[in-house]
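1. need coordinates for the below:
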Amino acid sequence: MNIAECLVHVLNAMQPFARSSPSKRLGGSLKRSSFNNWAWRSAITAATVVVAVGVVQSPAHASVAQGSVYGSGTITDDWGDEGPLSTTKNRHNSVVGLWQGVLIADGYLPVSGLDCDFGPNTRAATIAWQSDRGLKADGEVGPQSFGRADNNLFWNGSEIRYNGSNSDLGSMYRNSAGRWYVAGSSSIAYLSYTDDSLCG
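-> Numbers count the residues shown, from 1 in each chain. Predicted coordinates:
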């Protein structure tokens, strides 16, 4: 199972915990049902917990220049300096895959949309996501969009999760140097602006 499949597996397994979704969301493709113990255990098994969490209290760094998503201290300010991502800027990389995961968790993009490419479907989903949150709906993901999204991050043990409107996004970690990555069953992918190993 590659990293993207693991991320999708966690999203699918977490669907029993879904909250109701707004009518603008995709026609029920991510609706949750009753609690499913087997799916929950499968999601936890798929997410390998191998991280030493940094505890240095300082603001997040500018990450595009560093080539990856970095942060420190509280996780709810780690993404506020990320981007830009768009159809013309940083279009194909693992950070796009992270953003697509947010859109999937919030019900704006189908699970099949996780491809690490900021194409027209991701742009349309981004515009709807931004509009619903009162942000400038230009289809470009930068500090305002990432900053709004990181308000939904929370710790689940050593794992970092995104509390989406439709499902949770999991298997995310931050190493002791502050670098973010996604852990699959047998590999990890750093959330990088220079490669698409998350979807590879």
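2. go ahead and name everything in contact with stretch 132-145.
-> 22, 24, 80-87, 89, 99, 118, 123-124, 126-131, 148 (Cβ atoms under 8 Å, 6 or more residues apart in numbering). (Each C-beta comes from the backbone N, C-alpha and C, glycine too.)
3. any buried residues in stretch 125-133, and which?
-> 125, 126, 127, 128, 129, 130 (16 or more other Cβ atoms under 10 Å).
4. ok, which pair from those is furthest apart?
-> Across the buried residues of stretch 125-133, the longest distance by Cβ to Cβ is 9.7 Å; it joins 125 and 130.
5. quick one: the buried residues of stretch 125-133 as CSV, columns for pLDDT, distance to residue 185 and secondary structure too.
-> Output for the buried residues of stretch 125-133, formatted as CSV (pLDDT from 0 to 100; distance: Cβ to Cβ, whole Å; DSSP: H, G, I helix; E, B strand; the rest coil):
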residue, pLDDT, distance to residue 185, secondary structure
125, 98, 27, helix
126, 98, 29, helix
127, 98, 34, helix
128, 98, 32, helix
129, 98, 29, helix
130, 98, 33, helix
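6. adding distance to residue 169, write the residues you listed out as CSV.
-> Listed next are the buried residues of stretch 125-133 as CSV, based on distance: Cβ to Cβ, whole Å:
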residue, distance to residue 169
125, 14
126, 16
127, 20
128, 18
129, 14
130, 18
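7. where exactly do the helices run in this structure?
-> 3-13, 37-46, 94-105, 120-132, 143-149 (DSSP state H).
8. averaging pLDDT over each of those, which comes out lowest?
-> Lowest mean pLDDT within the helices of the chain: helix 37-46, a mean of 37.
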